[in-house]
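Enquirer: Just a sequence and a predicted model for now, questions to come.
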Amino acid sequence: MARDPETIQADIERARDALAITVDELSVRANPKRAVEQGKEMVQTKLAEPKIKYTLIGVGALVGFLILRKLFR
């Protein structure tokens, strides 16, 4: 069964539109700034967890204490 030229042209236009949408989505996903922002958000979320936050505070206080102790000895 042969297809008429209008149907073929309509199919080509639909495929072109779908491809343009796909390319736009890929360009958004592959944007390095977006990846950096997502990484920052992930790290900030992880550091905001009480278990990690208080552990880091404790380690910082211990390091500070050891430095002060070393300085005043």
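Expert: Nice, I can see it.
Enquirer: how much space between D11 and L19?
Expert: Remark: distance between D11 and L19 (Cβ to Cβ, to the nearest Å) = 12 Å. Using the backbone N, CA and C atoms, a C-beta is placed for each residue, glycine as well.
Enquirer: got the domain boundaries for this protein?
Expert: For the chain, whose domains are defined here by automatic domain parsing, the residue ranges read 1-30, 42-73.
Enquirer: Next, format those as a markdown table and append distance to V36, mean pLDDT and mean neighbour count.
Expert: Listed next are those as a markdown table, based on distance: least, Cβ to Cβ, whole Å; pLDDT from 0 to 100; neighbours: other Cβ atoms under 10 Å:
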| stretch | distance to V36 | mean pLDDT | mean neighbour count |
| --- | --- | --- | --- |
| domain 1-30 | 12 | 89 | 9 |
| domain 42-73 | 11 | 94 | 9 |
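Enquirer: where exactly do the helices run in the protein?
Expert: 5-29, 32-47, 50-71 (DSSP state H).
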